[in-house]
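J.: Just need the structure, nothing else, for what follows:
(chains A and B)
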Amino acid sequence: TTFFLAVLQVLGWRAAVGAAWAVLLLPPCAAAFVVLSSADLCRPLRWVSDSFNDLYTSYTIFCILLMSVVILVISIFNVEFYTVAPSIPCSRLALIGKIIHPQQVIHSVVHAIMGMLVAWCAAVITKGRFQFLALPCTASESLDAVVSYVCLNEYHLFFLLFGAFVGYSYSLLYLVNNMNYLPFPVIQQYKYLRFRRSLPQLVKHSCVESLYLVRNFCIAYYFFGKCCDIILFLHKIHPLDNLAGLLDLSLFYHTWLCGVFLLIPWYIAWLLFKIYATEAYHFPVQPTFAEETDQCLPKILSSNPPLIIKFLALQDLMLLSQYSPVRRQEVFSLSQPGGHPHNWTAISRECLNLLSDLTQKLIIHQEAAATNGRIKQPSPGEINKSLNFPGAAVIEEMAFQAHRSNVLPRTHMPSLVKSLSPLKTSTASDLGSSFGSPFTSPALNRKPGILDLNSPWHGSVQSPHIMRRGPKLWTSSSGGGRSVPVILLFLLCIMEKLNPEASIQAVFSDAQMHIWALEGLSHLVAASFTEDQFGVVQTTLPAILNTLLTLQEVVDKHFKLPHVSSKPPRISGSLVDTSYKTLRFGLRASLRTAIYRITTTFGEHLNAVQVSTEHKKRLQQFLEFKE
Amino acid sequence: MCSLALFPPPPLLGDVTLYEGNNALVSGRVLETLPLPFQSQLADLPTLTIPKETLKAHSRLEHSTKPAFIHHRESLWKRCINAWRDVGVCGVLSEITSAEEEVLQWVKTGSRYALAVCHWVSSLHGSLFPHLSLTSEDMIAEFSQAVDWAGCSIRAFAWHPHTSKFAVALLDDSIRVYNTNSATVPTLKHRLQRNVASMAWKPLCASILAVACQSCVLVWHLDPTSLSTRPSSGCAQVLSHPGHSPVTSLAWAPSGGMLLSASPVDTAMLVWDVSTENCVQLQWFGGGGVTHLAWSPDGSKVLAATPSAVFRVWEAQMWTCERWPTIKGRCQTGCWSPDGSRLLFTVLGESVIYSLSFSEYKGEMQGQVGGPKTASIVADLSETTFETVYGEERIGGEVHSMVWDPSGERLAVIIRGNPGSRTVIAVFRTRNSPVFELLPCGFVQGEQGAQPQLIAFHPCFKKGALLTVCWSTGRISHIPFFFVGAQFPCFSPSHSPMASLSRSSTRVREQPLFSEL
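T.: Modelled structure (predicted):
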């Protein structure tokens, strides 16, 4: 695992550069805030001169420094929480489980505190009636009282609470919208252009969201403001928790501006992290020096790196197969001495393993859907674990997914309820056998020649056994009192309305990897027609065709299942990327294109390739453009 | 430089160009059939005529169902909301201004002034980019590759890149798909399929057709084995983006994944990931829009023409672009050599063909287009007089559209005539390597009175090149060019029709040619 450190270090540097840019963009944001917050349309000259004076005051500079610290904290959280394969809650219960998970609670609390800090900065910069928390009470009856009393400035308090509210909402939306998901770009572009493209959207999104947050916060403040007064015995000069107090246009404007001022730098930090982390990474195909052997593409692919490195490696494979003849030549080259096509063997084996893993996963999903009429699939976290990390490095997103397997029983709810009754004690084994069957099905005949005992594919075979453990855990824990858990489970079942769409999305959550594997493999095979001097690709062509055609069959079958929509849902062009919802459509299209790419390049020559008669028929259809 | 004066005279009046064999275009009467060895090559290609009269005119011009109901005056508030939804701010303002109800006088006055400001700003914008003041139908007619888009029965034509199948978009907004191997002719109709400007088949795919419509891009998923003649509109994916209409040009990535769409009113062109309906905007201000797209066959570069005197060449890996200002007018059309190393383009207002050669694409030079500093003129198409039996004939003018055959051996050009001359198709012989050469081949003539409307080369014709021409009469004819390619010579002599035709003598002229040497 040590050789991933070099790549992870690069990623760390990228995140740091992203955070640094976010901090550098802070002063312009602050300047815009100063100008807008002191807006005075009646006296424009004075407005401009005043705001320029305000920019250089010591407290503005202090606030900018403080906000830089806030941005750094936010960036650290972005780095800690990112994932390349989003965990999609399949039901409401799972979502609640995610929200109350300690890690998420820490995330929310820290964001709320950060929000409060930013709001304090905003209040200080805005000046006027917002600047101080406590003010001498001038409005009291007697003059003596002025000296002794210090009253609460509720405007300031309103700001601080609003900041905390926005921070908490940001954290909640971050979770619900899967904003920790790193979507890889459809087309390669320079970082600056990607940033510039998203910036207008970002500003618009922040403005609109701030508007909604102000509305929600005002409602909350109106209802809960009174309670706070009673508890804290506060003395206020301008009480705000009545309708008249809240219907203050200036207050509304400044609060909204404060929300925008808070959200824009945070979103910028988040956007820059996404852009920097998903930038293509150039892995060498062939090591120039002996010590670089561990960092080259075939090695990285065939080991079990952290998921982000695997994604970057596959992305690089896709790019090199498509755009770089020189690097393709390295892939097709033979080892010196020995004359073995190690590079090609490692790359093709890994891609095929990935694809047959997906075939497995889909068959399990389909069988589960077919046997029970509803979908019971293992939690994606668990599958990921068994597939990609058989005891490999534990990294951030693993930790994030691992907790989800604690909430695991939700996916087995029907069998759970059954297993409570003593008559049906064999449910667990039933479940196991129903999952066991795919491994005897003929569709899964592994292609000969590429069987690697150490391959992670074998990990997936074990996943049903892991799943079998789920129900047992629950029955043992509910062994004490019977009636209470039954009611509890009944309640849970109500919460437990599995969303079929979400569970399908969960199956395809890491499909980006498979899409790249398909594209990389098919481009390499197509290029081998003219560029492969030693014929190294020919030896694996039957296996590749077998895998692709099997996957094609399974994917076709998947899209014929009930509940599966055949058209992607409309994606609103918002800032939050929901591309993980449509990955399966991308997979279907690129699978078909990949097969066509191979068939159109090789044409009639494919008739000489050894494949089963069924696949031969399928290939013929592809050759005639009838698929 | 190659000029029209070097061309052989056009065929006799009433003759129709039939084919090219032994280095010369052969013409004859319409009823004359092709020589026997050629017939088998074209046996299954449908030659058809779709006259304008047979197409049913629009039954209803209005898109909504409004005229079917009794007119009912809604309240001002509701009308404003409707206007906001349909037209936007300007609609609301004009609705308030023209309101008869009791509205506050100052609101009315204010909206009148605001409306005036709106009009002034838009007219200012229009004076910068005059095309923005056109209606969307006129705009499509202006920028379409069809010579007479508005009046002819055929509006767009597209060959499937791998099989013998083509789609024809007709005046009545329907699309027909003809397949040489089946008798069923699916007719595609959709509520949103109006004023089709362009079509493109997805490469590396059996049957996905992208259609550029007035308001959106439609992507039809046709089942190649289906026998249905009216695929339901459920087979169509609608790709729309605010501010991106009318769409006048489409281009699929040759590797099959992405679709580019362009609109003359949108400065950004959109890169669609069609399967997931995700789109990425490629914004580059200046030019006022994008009118025509051409993706090089090797997938490395994209030509994007704008309505003003500038065009851009995008490099399709990192999506950076090179800007090419032209002197006279906008870039009307362009086409790429098969290896993507050379771009031929024409400019409105000049009757010449320009050439740009790009350094060979290696893939290691990320984000560089690699173009030269200036474009060179390779052909002069200014008006020339030919002596024919019936007297003088004048041919020449601006180029309207231009296609290069997939083997890079023939270039067909529609030359739009001035009032004195007629619209013709000129065909050049070309060679791209080792040096670029452009030699005259001849003029292609249709039936009497037929003007060329659209041209396209068959993407995988084995015996040379096959030019499909849509004529203004609604006729679609196929003109084969039989030759042995220089790059991929055909090794089986029995398949070559040349041997059997060697008796027909052709005069081989020594011509001064365009050559880089």
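J.: what does chain A put close to chain B?
T.: Chain A has residues A:185-190, A:193, A:197, A:322-326, A:519, A:523, A:567-568, A:570-571, A:573, A:579, A:582-583, A:585-586, A:588-590, A:592-593, A:596-597, A:600, A:625-627 near chain B, with proximity defined as CB under 8 Å from any CB of the partner chain. From N, CA and C alone the C-beta is placed, and that goes for glycine too.
J.: Please check these and keep the buried ones.
T.: Neighbour counting by 16 or more other CB atoms under 10 Å in any protein chain shown classes A:185-189, A:193, A:197, A:322-324, A:519, A:523, A:568, A:579, A:582-583, A:585-586, A:588-590, A:592-593, A:596-597, A:600, A:625, A:627 among these as buried.
J.: Low-confidence ranges, the stretch 151-300 of chain A, go.
T.: Flagging of the stretch 151-300 of chain A using pLDDT under 70 yields the residue ranges A:227-246.
J.: Can you tell me which residues in chain B are near chain A?
T.: Residues of chain B lying close to chain A by CB under 8 Å from any CB are B:160, B:162-163, B:204-207, B:224-225, B:237, B:241, B:255-258, B:271, B:273-281, B:283, B:317-320, B:362-364, B:367.
J.: Just the buried subset of these, written out for ChimeraX, thanks.
T.: The following ChimeraX line selects those of those that are buried, judged by 16+ other CB under 10 Å:
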select /B:160,162,163,204,205,206,207,224,237,241,255,256,257,258,271,273,274,275,276,277,278,279,280,281,317,318,319,320,363
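J.: picking that back up, can you pick out the ones from the buried ones among the residues of chain A next to chain B that are in strands?
T.: Judged by DSSP state E, these include no members of strands.
J.: And residue A:551, which helix or strand is it part of?
T.: Residue A:551 is located in helix A:541-558, with elements delineated by DSSP states H and E.
J.: Which residue would be the closest one in the stretch 51-200 of chain B to chain A?
T.: Residue of the stretch 51-200 of chain B nearest chain A, by CB to the nearest CB: residue B:163 (4.8 Å).
J.: quick one: residue A:367 from residue A:546, how far?
T.: For residue A:367, the distance to residue A:546 (CB to CB, to the nearest Å) stands at 21 Å.
J.: wait, residue A:311
T.: In terms of CB to CB, residue A:311 sits 26 Å off from residue A:546.
J.: go on, residue B:417?
T.: 59 Å.
J.: Have a look at the two and say which one is more surrounded.
T.: residue A:546 (21 against 18; other CB atoms under 10 Å in any protein chain shown).
J.: Tell me if I'm right that the more buried one and residue A:615 touch.
T.: Yes. Here residue A:546 reaches residue A:615: they are 6.4 Å apart, a contact under CB atoms under 8 Å.
J.: shaky segments in the stretch 1-150 of chain B?
T.: B:30-37, B:43, B:56-68, B:71-72, B:87, B:101-103.
J.: hmm, I was thinking of chain A
T.: Where chain A drops to pLDDT under 70, the residues are A:1-3, A:136-149, A:227-246, A:372-498, A:571-573.
J.: What are the neighbouring residues in contact with the spatially closest residue to residue B:179 that is not a sequence neighbour?
T.: Distances taken as CB to CB, 6 or more residues apart in numbering or on different chains put residue B:165 closest to residue B:179, at 4.5 Å, once the chain neighbours are dropped. Listed by CB atoms under 8 Å, 6 or more residues apart in numbering or on different chains, the contact partners of residue B:165 are B:159, B:177, B:178, B:179, B:180, B:201, B:207.
J.: For residue B:3, give me phi and psi.
T.: phi -130, psi 170 (degrees, to the nearest 10).
J.: For it, give me its contacts.
T.: Going by CB under 8 Å, 6+ apart, residue B:3 touches B:379, B:380, B:381, B:382, B:384.
J.: can you pick the most crowded of these?
T.: residue B:379 (24 neighbours).
J.: what does the strand or helix carrying it rub up against?
T.: If you go by DSSP H and E, residue B:379 is part of strand B:376-380. Residues external to strand B:376-380 that are found in contact with it (CB under 8 Å, 6+ apart): B:1-4, B:344, B:351-356, B:428, B:436, B:438, B:514.
J.: hmm, which of those residues are the buried ones?
T.: Buried among the contacts of strand B:376-380 (16+ other CB under 10 Å): B:2-4, B:344, B:351-356, B:428, B:436, B:438, B:514.
J.: Among those, which pair sits farthest apart?
T.: B:4 and B:356 (22.0 Å; CB to CB).
J.: Which stretches in chain A count as strands?
T.: Under DSSP E, chain A gives strands at A:134-136, A:150-152.
J.: now residue B:339, nearest residue through space, not along the chain?
T.: residue B:298 (5.7 Å).
J.: gap between the two ends of stretch A:596-609?
T.: 16 Å (CA to CA, to the nearest Å).
J.: So for it, what gets flagged as buried?
T.: Buried, per 16+ other CB under 10 Å, within stretch A:596-609: A:596, A:597, A:598, A:599, A:600, A:601, A:602, A:606, A:609.
J.: correct me, but residue B:337 touches residue B:437?
T.: No. Residue B:337 sits out of contact with residue B:437 when judged by CB under 8 Å, with a separation of 11.8 Å.
J.: Comparing those two, which residue is more hemmed in?
T.: Set side by side, residue B:337 and residue B:437 show more neighbours around residue B:337, with 23 against 18, by other CB under 10 Å.
J.: which ones are touching the more buried one?
T.: Contacts of residue B:337 were listed using CB under 8 Å, 6+ apart, and they are B:296, B:297, B:343, B:344, B:404, B:408, B:432.
J.: Tabulate the CA atom coordinates of stretch B:140-154 in CSV.
T.: Only the C-alpha atoms of stretch B:140-154 are listed here, as CSV (Å, rounded to 0.1, in the frame of the first residue of the first chain):
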residue,chain,number,x,y,z
ILE,B,140,-32.6,28.7,-40.2
ALA,B,141,-33.1,29.4,-43.9
GLU,B,142,-30.2,31.8,-43.8
PHE,B,143,-27.7,29.4,-42.2
SER,B,144,-28.9,26.0,-43.4
GLN,B,145,-26.7,24.0,-45.7
ALA,B,146,-29.7,23.5,-48.1
VAL,B,147,-29.7,26.0,-51.0
ASP,B,148,-33.4,26.8,-50.8
TRP,B,149,-34.4,25.6,-47.3
ALA,B,150,-37.7,27.5,-47.2
GLY,B,151,-39.1,26.5,-50.5
CYS,B,152,-37.9,23.1,-51.4
SER,B,153,-39.6,19.9,-50.3
ILE,B,154,-36.3,18.4,-48.9
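J.: Domain map for chain A?
T.: A:1-138+A:148-278, A:290-369+A:499-568+A:576-624 (the TED database).
J.: Just say which of those domains is most tucked in.
T.: domain A:290-369+A:499-568+A:576-624 (a mean of 20; mean count of other CB atoms under 10 Å in any protein chain shown).
J.: Might you calculate how far that one sits from the centre of the chain?
T.: 23 Å (CA atoms, centre = their mean, to the nearest Å).
J.: try stretch A:99-116
T.: For stretch A:99-116 - counting by CA atoms, centre = their mean - the centre lies 18 Å from the chain centre.
J.: Stretch B:246-259 too?
T.: Between the centre of stretch B:246-259 and the centre of its host chain there is 12 Å, according to CA atoms, centre = their mean.
J.: Kind regards, and thank you for your time.
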